[in-house]
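*Asks:* no FASTA, just this:
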Ligand code: LLP
């Protein structure tokens, strides 16, 4: 589904002019599409034939209440990483039983929070399982395993394998960890109702999930109280035009086969859980920024905009590519420029690889033009900061030619309110 079009040489997002959006809500501005969020969720749900499925939305990708509400109404569960994410999910109306709390290095108060609020904890080490069991015996829990392999668009987001801090390491050679898990559970009467693994983020090959399913289902057969197996999130989206999208149809068919076979052997219905974040929201959002300056060095023509890595850190953090369109002049001749942010650091460039600044072909840019930084829906706003004491942008949701403000722009009072 394409909600972007060029009319009179200007960019329209789901029927609304990007220029008009900035006139009304000011710049910089995050713009989301309700249609895309719903479509991605439905596509995924429909692709998986196995009927016993729960889709957790990994809200770390984007935790805006209105987005959570859309997904809740679609029937999503929600995967959370902190007590605060749990509270936001509850505020969006998610029922407690639809929330999974995959905290990392949980403190005792974090565990207590989960227990008291009846939120299922997903524990990622033998010690965390033991601590939870000692304090809150007779509970249901999920465990996170490390399947001894990982994947992802950048080494920082690979979350499985021997160099990964996540999960209970599952070695093929030595099964002692299974005995240890059972011992802890027996001692404290814990019931493991879910087994979870997340291999990483930005995975474009569906085969990686089949490999994971094989490992996780092999382990799962030894757990008598199992209600679900969760193969994590990580489904990637193509950021560059030449990248092939994740084949959700083939993924849906193959993963369903694996589940059906498992259920036949295991002799009991077990739900399949997945927990995508990026796949649902990445393509649903654009960051609109304004051009405030243009200058040249012998090497680059710099286009300076009113935003930076404080609003979208992915280019700086991972060398991630985001397509950039001149929304004020979509179809003009292209020129080679560098799009630079307003943060006081040389690394603050939107057109860059991990190591170096890169030139980009963009249709002719002038002062006052609006640029659209595409596919900024996942890990854009949630990773934003107030660095340089710049406020975060406003967020707007568009649907059927209408735009709604869903988060107001921060201001100086927001920056000062926690200081004493
Ligand atoms: N489940 C768990 C346990 C996770 O840690 C994550 C992401 C997800 C699900 C969702 O992954 P997704 O489907 O969104 O790939 N900031 C990085 C991505 C970090 C992902 C962290 N964990 C980026 O901008 O690429």
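*Replies:* Done, it's in. These numbers come from a predicted model, not from an experiment.
*Asks:* separation between the residue sitting furthest away from the middle of the chain and residue 349?
*Replies:* Distance from the centre of the chain peaks at residue 298, with 38.9 Å (CA atoms, centre = their mean). Separation of residue 298 from residue 349 (CB to CB, to the nearest Å) stands at 17 Å. Every residue, glycine included, has its C-beta placed from N, CA and C.
*Asks:* surely residue 290 touches residue 326?
*Replies:* No - using CB atoms under 8 Å, residue 290 makes no contact with residue 326, being 11.4 Å away.
*Asks:* residues in the stretch 201-350 of the chain within reach of the ligand, list them.
*Replies:* 201-202, 232-235, 275-279, 314, 318 (CB under 6 Å from any ligand atom).
*Asks:* tell me the one of these nearest residue 116?
*Replies:* The nearest member of these to residue 116, counting by CB to CB, is residue 275 at 23.5 Å.
*Asks:* residues in contact with that closest one?
*Replies:* By CB atoms under 8 Å, 6 or more residues apart in numbering, the residues touching residue 275 are 55, 56, 57, 58, 79, 100, 198, 230, 232, 233.
*Asks:* so which residues of the stretch 251-400 of the chain form strands?
*Replies:* 271-274, 285-296, 301-305, 324-326, 334-340, 360-363, 370-373, 394-399 (DSSP state E, counting those that start in this stretch).
*Asks:* in TSV: these, plus mean pLDDT.
*Replies:* Compiled in TSV, the strands of the stretch 251-400 of the chain are given as follows (pLDDT from 0 to 100):
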stretch	mean pLDDT
strand 271-274	98
strand 285-296	97
strand 301-305	98
strand 324-326	98
strand 334-340	98
strand 360-363	98
strand 370-373	98
strand 394-399	96
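*Asks:* any chance of those in JSON lines, with distance to residue 259 and mean neighbour count too?
*Replies:* Converted to JSON lines, these look like this (distance: least, CB to CB, whole Å; neighbours: other CB atoms under 10 Å):
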{"stretch": "strand 271-274", "distance to residue 259": "5", "mean neighbour count": "22"}
{"stretch": "strand 285-296", "distance to residue 259": "32", "mean neighbour count": "20"}
{"stretch": "strand 301-305", "distance to residue 259": "47", "mean neighbour count": "21"}
{"stretch": "strand 324-326", "distance to residue 259": "41", "mean neighbour count": "22"}
{"stretch": "strand 334-340", "distance to residue 259": "45", "mean neighbour count": "19"}
{"stretch": "strand 360-363", "distance to residue 259": "43", "mean neighbour count": "17"}
{"stretch": "strand 370-373", "distance to residue 259": "38", "mean neighbour count": "26"}
{"stretch": "strand 394-399", "distance to residue 259": "34", "mean neighbour count": "22"}
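*Asks:* including distance to residue 50, could those strands go into a markdown table?
*Replies:* What follows is the strands of the stretch 251-400 of the chain, written out as a markdown table (distance: least, CB to CB, whole Å):
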| stretch | distance to residue 50 |
| --- | --- |
| strand 271-274 | 6 |
| strand 285-296 | 30 |
| strand 301-305 | 46 |
| strand 324-326 | 39 |
| strand 334-340 | 44 |
| strand 360-363 | 42 |
| strand 370-373 | 37 |
| strand 394-399 | 31 |
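*Asks:* of all those strands, which one comes closest to residue 180?
*Replies:* Short answer: strand 271-274, nearest of those by CB to CB, at 24.0 Å.
*Asks:* who in the stretch 51-200 of the chain is up against the ligand?
*Replies:* Residues of the stretch 51-200 of the chain lying near the ligand (CB under 6 Å from any ligand atom): 58, 60, 61, 79, 102, 157, 159, 198.
*Asks:* check contacts around the fifth one.
*Replies:* For residue 102, the set of contacting residues under the criterion of CB under 8 Å, 6+ apart consists of 79, 80, 81, 122, 124, 144, 196, 198.
*Asks:* pull the distance from stretch 390-408 to the chain's centre.
*Replies:* With CA atoms, centre = their mean, to the nearest Å as the basis, stretch 390-408 stands 19 Å off its chain's centre.
*Asks:* let's have the chain start at 11 instead
*Replies:* Yes, from this point I'll number from 11; that puts the last item at stretch 400-418.
*Asks:* tell me the secondary structure for residue 76?
*Replies:* The three-state label given to residue 76 by DSSP: H, G, I helix; E, B strand; the rest coil is helix.
*Asks:* count the residues that sit near residue 193.
*Replies:* Using other CB atoms under 10 Å, residue 193 has 12 other residues around it.
*Asks:* that one and the ligand, how far apart?
*Replies:* Computed with CB to the nearest ligand atom, to the nearest Å, the distance linking residue 193 and the ligand is 26 Å.
*Asks:* give me the pLDDT value at that residue.
*Replies:* pLDDT, residue 193: 97.
*Asks:* contacting residues for it?
*Replies:* The contact partners of residue 193, taken as CB under 8 Å, 6+ apart, number zero.
*Asks:* how about 10 Å then?
*Replies:* Each residue near residue 193 by CB atoms under 10 Å, 6 or more residues apart in numbering is listed here: 136, 140.
*Asks:* doesn't it belong to a helix?
*Replies:* Yes - counting by three-state DSSP, residue 193 is found in a helix.
*Asks:* so what's the residue of the stretch 311-430 of the chain found nearest the ligand up against?
*Replies:* When scored by CB to the nearest ligand atom, the stretch 311-430 of the chain has residue 389 as its residue closest to the ligand, at 3.2 Å. Counting by CB under 10 Å, 6+ apart, residue 389 touches 70-72, 167, 211-212, 287-288, 291-292, 322-324, 327-328, 330.
*Asks:* thinking again about what came up before, and the residues of the stretch 61-210 of the chain next to the ligand, which is closest to residue 403?
*Replies:* residue 71 (17.1 Å).
*Asks:* tally of neighbours for the residue nearest to residue 242 when sequence neighbours are not counted?
*Replies:* Of all residues not flanking residue 242 in the chain, residue 208 sits nearest, at 3.1 Å (CB to CB, 6 or more residues apart in numbering). For residue 208, the count of nearby residues is 28 (other CB under 10 Å).
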